[in-house]
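> Build me a structure from this.
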Amino acid sequence: MNLSLTSPYTRNDDVTRLQTALKKKGWLQGAVDGVYGPDTARGVYKGKYWLGYRVPDQSAANLFYDYATGAKPPTTAMTARIERRTKLKETQPNRLKMIAEAKKWIGTKENPAGSNRVMFSNWYGMVGPWCAMFVSYCGVKVAANPFARGKMYAYVPYMVGDARAGGHNLAVTYNPQEGDIVTYDWNKDGIADHVGFFVRWTDSGRTQFTALEGNTGVGNDSNGGQVMYRDRTKSNVVAFIHVGG
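Model prediction:
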C-alpha cells in the first residue's frame, strides 16, 4: 500500500481496505467507495494526528495502515503526543471560543455605510469586503491557529482551499456544530463569495440554518456592512469548515 491524493484519483482495493479502517475509527466522513479522493486524504491526515504522528500528512502506506488497525502499537513518542492532543481536545474547542467572540460584535456597522471601513478591516490592515476579516479577527482574539492579522484570511476561497486540503488546521466537516465556519457561493460559479459562523439547524431536514456573519445585511448578503444573524439555506453552502482544537 502506497497511496496519496493524485489526479486522477487512485481507485483500487487497497483504497477500499484503507477506507474501511478509517471509517471504523471515525476518521472518514465520506463513503467507502475505493476512491482516494479529498475525503479519504483528510481522513488519513486526521488519523495520523490522532495516532500521534509528529507531522501528519495525507499519504498512506502499510505502516500507517498497521497503526490504524492496531496491528502495530504506537511508539513511545507517538503515545505521548496522543495523550497531549487528547488533553487539548478536552478543553473548550476553538469553534465555541470563536463564536463567543463573534457574538460580542452583533450590530457593529461600517462607518460610513458602504465604505468597508469598520474595526475589523482597520485591524486587518486592508479596506475591502470584510466578512473573512471578521472571522480572522475572532480567530486571532481566541488564539486559534491558523488565523493571523494581515495574512490569514481576507479572501474566502483561500480558506476553502486550505480546508479542502486539510491544511493549516482547517478541515471540511459534513456535520457542522455551533461555531464552525460556513462558506457560501451565491451564483454557483464554484468560487466562494462569503463566510460566517454556523449557529444551528432550523429544520429537521438539516436544509435551513442560522448563521452569524460579518459584512452582511438584508438585501446584500456579501457586502451589507453589518454583523448580524442570518437565516440561510444549505444549497448555497460551498463548505462547512472545522477549525482544529
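> got a pLDDT number for the residue of the chain most remote from its centre?
Most distant from the centre of the chain: Pro112, at 32.3 Å, with distances by C-alpha atoms, centre = their mean. Note on Pro112: pLDDT of 94.
> Check the secondary structure at it for me.
Here Pro112 takes the coil state, with states given by DSSP: H, G, I helix; E, B strand; the rest coil.
> For it, give me its contacts.
The contact partners of Pro112, by C-beta atoms under 8 Å, 6 or more residues apart in numbering, come to none. Any C-beta I mention is one placed from the backbone N, CA and C, and that applies to glycine too.
> could you measure it against Asn215, distance?
14 Å (C-beta to C-beta, to the nearest Å).
> show me where the protein has helices.
Using DSSP state H, the helices of the chain run over 13-25, 38-50, 62-69, 76-89, 94-103, 119-124, 131-141, 156-165.
> Just put these in CSV and tack on distance to Ala148, mean pLDDT and mean neighbour count.
Shown next, in CSV, are those (distance: least, C-beta to C-beta, whole Å; pLDDT from 0 to 100; neighbours: other C-beta atoms under 10 Å):
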stretch, distance to Ala148, mean pLDDT, mean neighbour count
helix 13-25, 31, 97, 18
helix 38-50, 21, 93, 22
helix 62-69, 31, 98, 17
helix 76-89, 20, 93, 12
helix 94-103, 14, 96, 20
helix 119-124, 10, 96, 19
helix 131-141, 7, 97, 25
helix 156-165, 12, 94, 20
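> Turn those into TSV, including distance to Gln177.
Output for the helices of the chain, formatted as TSV (distance: least, C-beta to C-beta, whole Å):
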stretch	distance to Gln177
helix 13-25	20
helix 38-50	16
helix 62-69	25
helix 76-89	14
helix 94-103	6
helix 119-124	24
helix 131-141	16
helix 156-165	15
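> among these, which is nearest Gly219?
helix 131-141 (15.6 Å; C-beta to C-beta).
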